[in-house]
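Novice: Mind folding the following:
(chains A and B)
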Amino acid sequence: DGGITQSPKYLFRKEGQNVTLSCEQNLNHDAMYWYRQDPGQGLRLIYYSQIVNDFQKGDIAEGYSVSREKKESFPLTVTSAQKNPTAFYLCASRGDRQETQYFGPGTRLLVL
Amino acid sequence: DQQVKQNSPSLSVQEGRISILNCDYTNSMFDYFLWYKKYPAEGPTFLISISSIKDKNEDGRFTVFLNKSAKHLSLHIVPSQPGDSAVYFCAASAWGDKLIFGTGTRLQVFP
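Specialist: Prediction:
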């Protein structure tokens, strides 16, 4: 069953802690994306990767880091430098020569 | 500067009637437009898209219209059903680049 999975569904972060959100896809898509959604706002792009071992900053990359060591995986780390991490995080992927991005179910990050 | 705008944060429509969701954009380089539907605490689901070489695309109850001169697109849902109640996002891209999303319109379909 092809798709995009994100884990965990809920994640809690303590002050000064780094946390990593997982995103895996078995669609054989080249491009992967991380977005953040806040209440009443649209989706804002954090980081994206067009190909393995390469990634670019999006519009709100500060306080976040990513890696793309495998085609299937694009984990996002929310570092302690991100002062307002509470949000709903969405991962997406896009196939080659396609315009449409397909989204995972999301991870809600909460700060304790 | 917000390049994709959805000026109506909410819309309420009776079941069976038409729902019209609107989206405006400012970047004339956008050549591909999409609509996504999103339920709370879930990822957006792709609904329908349109290329800038077309002015209409239809898929079942969903039709997207593009007016390039006005830099405006709209999503029509006919007939509206209670299960259509969700937040709808429009998005645009230029030459396969990253998607730019609007802020969303919450549609409520009541009996």
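Novice: For chain B, what's its nearest residue on chain A.
Specialist: Of all residues in chain A, A:F103 sits closest to chain B, at 3.5 Å by Cβ to the nearest Cβ. (Each C-beta comes from the backbone N, C-alpha and C, glycine too.)
Novice: In contact with that residue: list those residues for me.
Specialist: A:4, A:90-92, B:36, B:43-45 (Cβ atoms under 8 Å, 6 or more residues apart in numbering or on different chains).
Novice: Now that we're looking at it, what pLDDT does it have?
Specialist: On the pLDDT scale, A:F103 is placed at 95.
Novice: ditto for A:G2
Specialist: As predicted, A:G2 sits at a pLDDT of 68.
Novice: Kindly provide the distance from B:W35 to chain A.
Specialist: Per Cβ to the nearest Cβ, to the nearest Å, B:W35 is found 11 Å from chain A.
Novice: next one: B:Y32
Specialist: Relative to chain A, and taking Cβ to the nearest Cβ, B:Y32 is found at 5 Å.
Novice: isn't A:G95 right next to A:Q25, touching?
Specialist: No. Contact criterion Cβ atoms under 8 Å: A:G95 and A:Q25 do not qualify, at 10.0 Å.
Novice: Neighbour count: the two, which is higher?
Specialist: Set A:G95 next to A:Q25 and count neighbours by other Cβ atoms under 10 Å in any protein chain shown: A:Q25 wins out with 23 against 15.
Novice: got the contact list for that one?
Specialist: A:3-5, A:32, A:72, A:74, A:91, A:93, A:104.
Novice: Need the max-distance pair from those.
Specialist: The span of the contacts of A:Q25, defined through Cβ to Cβ, is set by A:G3 and A:F74 at 14.3 Å.
Novice: Mind checking which of these two has more residues around it?
Specialist: A:F74 (29 against 13).
Novice: what bridges to the closest residue to that one other than its chain neighbours?
Specialist: Take A:F74 and drop its neighbours on the chain: the residue closest to it by Cβ to Cβ, 6 or more residues apart in numbering or on different chains is A:M32, 3.9 Å away. Here A:M32 sits in beta bridges with A:S49, A:S93, going by DSSP bridges.
Novice: isn't A:M32 right next to A:S93, touching?
Specialist: Yes. A:M32 is within contact range of A:S93, at 4.8 Å (criterion: Cβ under 8 Å).
Novice: Common neighbours of those two, please.
Specialist: By Cβ under 8 Å, 6+ apart, A:M32 and A:S93 have these common neighbours: A:25, A:74.
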